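A.B. asks: I would like the atomic coordinates for the input below:
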Amino acid sequence: MIVYPAIDLRQGRVVRLVYGDPSRETVHSDDPKATAERWKTAGAPWLHVVNLDGALGEATLALDTLRALAEVGLPVQFGGGLRSLDDAQKALDGGAARVVLGTMIVNDPDLAGIAVQRFGAEAVTVALDAKGDQVATHGWQQVSAWTPVELGQRLAALGVRHALYTDVSRDGDLSGVNVDATARLARETGLAVIASGGVSSLEDIRALRETNVIAGVVIGKALYTGAITLEQTLKAAAGLEK
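C.D. replies: Reported below is the predicted structural model:
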C-alpha cells in the first residue's frame with residue numbers, strides 16, 4: 001500500500017482545510033518545496049499535491065510550484081483545477097507523474113478514456129470524492145447524480161486504472177478514514193483505489209492494509225499535526241511494525 005503525503009497549496013502556502021471548506025484553513029508552511037523535501041527525507045515514495053486555488057476556481061494551474069516540487073525528485077500526483085485535457089497535459093509537462101481528474105470526468109466520463117489513450121493509464125487518476133453517496137465536484141462545492149461505484153465502474157470500462165476516493169465528510173477532521181466505503185469501491189470496480197480523508201492514526205493505516213484491496217492512502221493533517229509520523233505510517237502500510 002503506497003503512502004502519499006499530501007501537500008495542499010493555497011496562495012503559495014501549504015495548508016489544510018476541514019471538509020474542503022476554504023473558510024476553515026490552517027497554514028502549515030510558507031515553503032512547499034521545503035515541505036516536499038521533508039517528506040522525501042522521511043522516506044515518502046510519492047507526493048500528493050492539490051492546487052486548492054484551482055480546485056476552488058480562484059487561480060491558475062500553479063505550474064511554477066509544481067515544477068519546484070518535481071525538482072525534489074519524488075513522483076508527484078497532482079490535481080486541483082484541471083478542467084481540460086490540455087490542463088492535464090500542461091501539468092504532466094510541468095513535472096507531474098500522474099494527474100488527478102475530477103470535475104471534468106464527472107461531467108463527461110468519456111474524457112477519461114481519451115485521457116488514458118493520450119497520456120497512458122499510469123498517468124491518470126480519477127477523483128471519486130463523495131458527499132454522502134454522491135460524487136462531489138468543483139472543489140467539493142457541488143454534487144453530481146453519480147455514486148462513486150457507478151462512476152467507477154463506468155471509468156474502469158474505459159481503461160482507467162487508478163482512483164482517489166475521499167469521504168468529504170471526514171476530510172481534515174481526523175475522525176478516521178472510511179475503510180468500508182473505500183474497500184467497497186475497490187472491490188466493485190476493480191480500480192486501484194487510493195484512500196483519502198480523515199486518516200488519524202496508525203489503526204486507520206492497518207485497517208486499510210488489512211482489506212488487501214486498497215492500493216494507497218493519502219495522509220495530510222495527521223502528519224502535519226504530529227498525530228503520527230511518516231516513518232510510522234510507512235511501516236504500518238507495509239506490515240513491518242514490530
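
A.B. asks: list the buried residues of stretch 121-128.
C.D. replies: If you call a residue buried by 16 or more other CB atoms under 10 Å, then stretch 121-128 has these buried ones: Ala123, Val124, Thr125, Val126, Ala127, Leu128. C-betas here are computed from N, CA, C, even on glycine.

A.B. asks: now Ala123: how far from Val213?
C.D. replies: 23 Å (CB to CB, to the nearest Å).

A.B. asks: any idea which helix or strand comes after the helix-or-strand element of the chain with minimal mean pLDDT?
C.D. replies: Using mean pLDDT, DSSP states H and E, the weakest-scoring helix or strand in the chain turns out to be strand 21-29, at a mean of 65. Per DSSP states H and E, the first helix or strand lying C-terminal to strand 21-29 is helix 32-41.

A.B. asks: helices or strands next to that following helix in the packing?
C.D. replies: strand 2-10, strand 13-18, helix 63-70 (3 or more CB pairs under 8 Å, 6 or more residues apart in numbering; DSSP states H and E).

A.B. asks: which one of those has the most crowded surroundings?
C.D. replies: Comparing the helices and strands packed on helix 32-41 by mean neighbour count (mean count of other CB atoms under 10 Å), strand 2-10 ranks first with a mean of 24.

A.B. asks: strands paired with that strand, and their directions?
C.D. replies: Sheet pairing of strand 2-10 (DSSP bridges) gives strand 13-18 (antiparallel), strand 47-51 (parallel), strand 214-219 (parallel).

A.B. asks: make TSV from the buried residues of stretch 121-128 and add pLDDT to it.
C.D. replies: Below are the buried residues of stretch 121-128 laid out as TSV (pLDDT from 0 to 100):
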residue	pLDDT
Ala123	98
Val124	98
Thr125	98
Val126	96
Ala127	91
Leu128	91
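
A.B. asks: now, those that are in strands?
C.D. replies: Residues of those located in strands (DSSP state E): Val124, Thr125, Val126, Ala127, Leu128.

A.B. asks: for beta bridges, what are the partners of the third one?
C.D. replies: So that's Val126. Leu101, Ala163.
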